[in-house]
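A predicted structure for the sequence below; I have some questions about it.
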Amino acid sequence: MIPYPVKICNITLRIEHLRGILIILGILYITIAPQAQSLNTEWVGIIPSPDASQIVLRINLSEGWAFVHQPTHIYRVDITDNQFQIINGETTTQLSINVSNSGVDVISNGVTFTLGPVIPLNAVTLTAYTGTYQATDGIAYLVYNVNGVLRYATTTHIVRLFPLSQTDFLSSRGELLTFTPDGFMLTHTDESIQVPRQDFYETENLTIQNDDVTLSGILYRPLDTEKPPLMVITHGSSPNLGAGYQIEAFWFASRGIAAFIYDKRGNGLSDGDSQASLYDLGSDAAAAAQTFHDSGEFGMISVWGLSQGASVSAVAASQAPSAVDAVIAVSGAGVPFIQQELYRVDRLAADLGYDHRLREMSLIFWRVAYDLQTATAKGQFPDIGFRDTLGFEINLAALWAEVRQPSLIIYGGRDSYVPVMDSAARVMTVLEQSAHPDYQLHLYPEANHGMLISPSGSSLVFSDTVAEGYVDQMVEWVIAHNTNEGLGEIQPNFEAAESGDFAVGGRYAIPTMIQGATFQISLLICLIVVFTIGLFGVRSVWLMGVCSAFALMSMGGVLYLISSTIYPQNALTDPIARFVYAVSPLMAWLMCIAFVALLIKSPSVYRQRRRGLSLHLSVTLLAGVGYLWWAWYWGLWSLT
C-alpha cells in the first residue's frame, strides 16, 4: 500500500496534487508525441510542379533531407530550418514545412499539401506482393523486395513504392498501386488499369562447382520454351548477391531467355574468398557457363556483365571459349581500374561542387589511396585488409584480345563512373587489331552507368527511366545470334577517341613514384616526426618551434580536410572543413615566412658550435625544404 499523503523530499503530495501532475504529463504526451512521430517518420506525397507535372516528395525531418522524384530526374536536397528548394529546369521553388499534431504539411507558392506517413511493413507482407504481373496492355512487371523496400521494374522503368497502408502504395512516379491476392490496380492521373499476376518463368536453386568453390544461384527458366538460350549474369563491384540482379534476370527470362544469377564467391550462400582477383571471378562465370553447356538443356550460352562485370565477362569468354557463345558487356572500363577510379572520384568531386584546388587535393589523396592498395598487394606495406586483390593495374581493354565470341558492348553517354570515350576507343582498337569477327559497340547518349536516363550526367541526380531500347536491343541481339541470323556484324554506332587524360602524364595516369603511396606516406611521416621534435627547439631557437608549429598545423589541416571529402561526407557542408580550407594557405605562407627567417638566423646558431643544436637545426631546415615542396604539390600555395 502506498502511504497517503505521499511525502517526497520533505514535500507532502496529496491525491489532488498527483492527479494534477498526471493531467499535465498527459497533456505533454498528447502534444509532444505526434511531433516526435513526425520527426522520426518518413513522409511522402504528391505536389504539383510548375510545368503541370507531378512531383513525388519524400522527406525525413530527423535526418534533415528530402528526395524529390520528378518525371525526368530524382535528387536529394537538404532541409534547413524546415525550408528547402526544388529545381525544375530554370525554375526554383522555395518550399516550407509545417509540423503539426495531424502530420506534416508542405507549403508551396502559398498552397498547402499534406504528406502521409510511410507505413513500415513486415517482410511477410512485402513478400506476398513480390512476383511477376502483366497488364492488359501487355507490359510485364516484376515486383521485388530488397532490404525492406518494394519496387517494380518493367523494361522501361525501375520504380520505388512507398507503403501508405497494408495494401496501398504510392510509386515514385505518382501512381497509386492497390494490391489484391490476384494482382494490383494501378491508378495514374485518374486512369486505372488492372495488372493481374502472370508467370513467365520458373525458378530453381542451383549450385555450381568451380574447383573448391561452390557458387549458389538461381536459374530462371522460361515457361513453354524448349532449349532456350541462356544468360549467365556476372557481378559488378556491387551488389555481391545474386538477388541484386533479379531485374536483369526478369528482363531476359520474361522474353524467352533463361538466366542464371548467383552470389559472388565469399558472399551470401557462396563460399570461397571474397578477396578474389578478376581472373578468379571470371573463372566462376566460366564454370557456370561450362556447367550449363554440358547439360545440353540450353541453346546459345552468353555471359552478361555491367561495370566490373563487363571485364569479368570478357575473362570468362576467354577462359571457356567452347562453353561461352556470346558476351554482352555494359558500361565496362577500357582503362585500368586504378585510372577508372581516379576518374570516378574526380567526377564526384566536381558533382559535389568542389572548386579547382579542392578537386586537385582530393585527386592527389586518391592517387595515394589506390596506389597503397596496389603496393600492399605487392608486399610493400603490411596487409591490414586494405589491399588490391582485383588487379588495379590490369589493362582492361587488352582482355578483349582473347575474346572471339560475338560481343555486344554498350555504353551510356552520361556515365560518371567510367570514361566512356577513352574506354570505347581502347576496346575498339583491340577488337580491330585482333580482327574480331562479330562485335557491336552501342552508345545510349543520355544513359548513366546503370543505363538509366541521366538528365545532367551528375552522379547525384538520376532517374527511374531505363534508356529507351536498351533491353530490347540485348534481347533481340541474343535471339538473332541464337538462330544464327546476326552473325558477322561489325557495327559501332558512334565514334570514340582517346582524350589523353589517361596517357602517361595525364590527369588520370597511373601514379608515378613521387605520386605513389610509398613516397608520399614516407615523406609525411618524416615531416611529422621532425617538426614534432622541432617544437621542443623553441627554447633554444624560437623560430624553429614557430616554423614547426605552422607546418604541423597545415599538415593536420590537410589530413582533416581530405577526410571530410570522402563521400558521403562533404567538405562544403562541414564548417570546420570550410574553415580549415580557408586558412590552410595562410598556415603554409606563415610557415614559409618563418622558414626564411630561420634560414637567415641559422648562421648565428651554427657559430655557437653546439653540436646537438646544430644537428637539430640542420634536420629542421632539411624538413622545411621537403615541406615547401609538399605544400606546393598539395596546392597549399594557391589561394583559388
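Great, that's in hand.

Go through stretch 103-114 and flag the buried ones.
Of all the residues in stretch 103-114, those buried under the rule 16 or more other Cβ atoms under 10 Å are 103-108, 113. Backbone N, C-alpha and C define where each C-beta goes, glycine included.

same for the helix or strand containing residue 556, what does it pack against?
If you go by DSSP states H and E, residue 556 is part of helix 542-563. Packed against helix 542-563, as judged by 3 or more Cβ pairs under 8 Å, 6 or more residues apart in numbering; DSSP states H and E, are the following elements: helix 356-377, helix 517-534, helix 575-606, helix 611-633.

is it possible to export those to JSON lines including mean neighbour count, mean pLDDT and distance to residue 458?
Shown next, in JSON lines, are those (neighbours: other Cβ atoms under 10 Å; pLDDT from 0 to 100; distance: least, Cβ to Cβ, whole Å):
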{"stretch": "helix 356-377", "mean neighbour count": "20", "mean pLDDT": "91", "distance to residue 458": "15"}
{"stretch": "helix 517-534", "mean neighbour count": "17", "mean pLDDT": "93", "distance to residue 458": "30"}
{"stretch": "helix 575-606", "mean neighbour count": "17", "mean pLDDT": "90", "distance to residue 458": "21"}
{"stretch": "helix 611-633", "mean neighbour count": "17", "mean pLDDT": "90", "distance to residue 458": "29"}
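
For residue 497, find the nearest of these.
Closest approach to residue 497 among the helices and strands packed on helix 542-563 (Cβ to Cβ): helix 356-377, 23.1 Å.

Figure out how far the closest one is from the centre of its chain.
In terms of Cα atoms, centre = their mean, to the nearest Å, the centre of helix 356-377 is found 18 Å from the chain centre.

got it, and stretch 415-425?
Here the centre of stretch 415-425 is set off from its chain's centre by 17 Å, with Cα atoms, centre = their mean.

which residues touch that stretch?
307, 331-335, 339-340, 343-344, 347-348, 351, 396-397, 409, 411-413, 441, 443, 447-449, 454, 457-459, 494, 496-499, 501-502, 508 (Cβ atoms under 8 Å, 6 or more residues apart in numbering).

now with 7 Å?
Applying Cβ atoms under 7 Å, 6 or more residues apart in numbering, the contact partners of stretch 415-425 are 307, 331-335, 340, 343-344, 347, 351, 411, 413, 441, 448-449, 457-459, 496-499, 502.

Buried among those residues? Need that as a selection in ChimeraX.
In ChimeraX, a selection of the buried entries from the contacts of stretch 415-425 looks like this (16+ other Cβ under 10 Å):
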select :307,331,332,333,334,335,340,343,344,347,351,411,413,441,448,449,457,458,459,496,498,502
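
Keep only those of the contacts of stretch 415-425 that are in strands.
411, 441 (DSSP state E).

could you give the mean pLDDT of the helix holding residue 556?
Taken as a whole, helix 542-563 carries a mean pLDDT of 90.

Taking helix 517-534 as reference, get the angle to it.
140 degrees (axes from the mean of the first three to the mean of the last three Cα atoms, to 10 degrees).

Show me which residues of helix 542-563 are buried.
For helix 542-563, burial by neighbour count (16+ other Cβ under 10 Å) applies to 543-555, 557-558, 560-562.

what do you get for stretch 216-227?
Across stretch 216-227, burial judged by 16+ other Cβ under 10 Å covers 216-222.

would you turn these into JSON lines with pLDDT, distance to residue 122 and secondary structure?
As requested, the buried residues of stretch 216-227 are arranged in JSON lines below (pLDDT from 0 to 100; distance: Cβ to Cβ, whole Å; DSSP: H, G, I helix; E, B strand; the rest coil):
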{"residue": "216", "pLDDT": "97", "distance to residue 122": "26", "secondary structure": "strand"}
{"residue": "217", "pLDDT": "97", "distance to residue 122": "27", "secondary structure": "strand"}
{"residue": "218", "pLDDT": "97", "distance to residue 122": "23", "secondary structure": "strand"}
{"residue": "219", "pLDDT": "98", "distance to residue 122": "29", "secondary structure": "strand"}
{"residue": "220", "pLDDT": "98", "distance to residue 122": "27", "secondary structure": "strand"}
{"residue": "221", "pLDDT": "97", "distance to residue 122": "30", "secondary structure": "strand"}
{"residue": "222", "pLDDT": "97", "distance to residue 122": "32", "secondary structure": "strand"}
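
Residue 387: which of the residues you listed is nearest?
The nearest member of the buried residues of stretch 216-227 to residue 387, counting by Cβ to Cβ, is residue 216 at 26.3 Å.

CSV for the buried residues of stretch 216-227, including distance to residue 291?
CSV is the format used below for those (distance: Cβ to Cβ, whole Å):
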residue, distance to residue 291
216, 13
217, 10
218, 14
219, 10
220, 15
221, 14
222, 19
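
Out of those residues, name the two that are farthest from one another.
Taking Cβ to Cβ, no two of the buried residues of stretch 216-227 sit farther apart than 216 and 222, at 21.6 Å.

how about low-confidence regions in the protein?
Applying pLDDT under 70 to the chain flags residues 1-40, 50-52, 89, 486-489, 537-540, 609, 639-640.

got a list of what residue 111 touches?
Per Cβ under 7 Å, 6+ apart, neighbours of residue 111: none.

still on that earlier bit, list just the nearest of the buried residues of stretch 216-227 to residue 433.
Ranked by distance to residue 433 (Cβ to Cβ), the buried residues of stretch 216-227 are led by residue 217 at 35.5 Å.

in the sheet, who's paired with the closest one?
Counting by DSSP bridges, residue 217 is bridged to residue 206, residue 262.

show me what contacts the closest residue to residue 560 other than its chain neighbours?
Closest residue in space to residue 560, ignoring its immediate chain neighbours: residue 580 at 5.7 Å, by Cβ to Cβ, 6 or more residues apart in numbering. Residue 580 sits next to 557, 560-561 when contact means Cβ under 7 Å, 6+ apart.

Sweet, I'm off.
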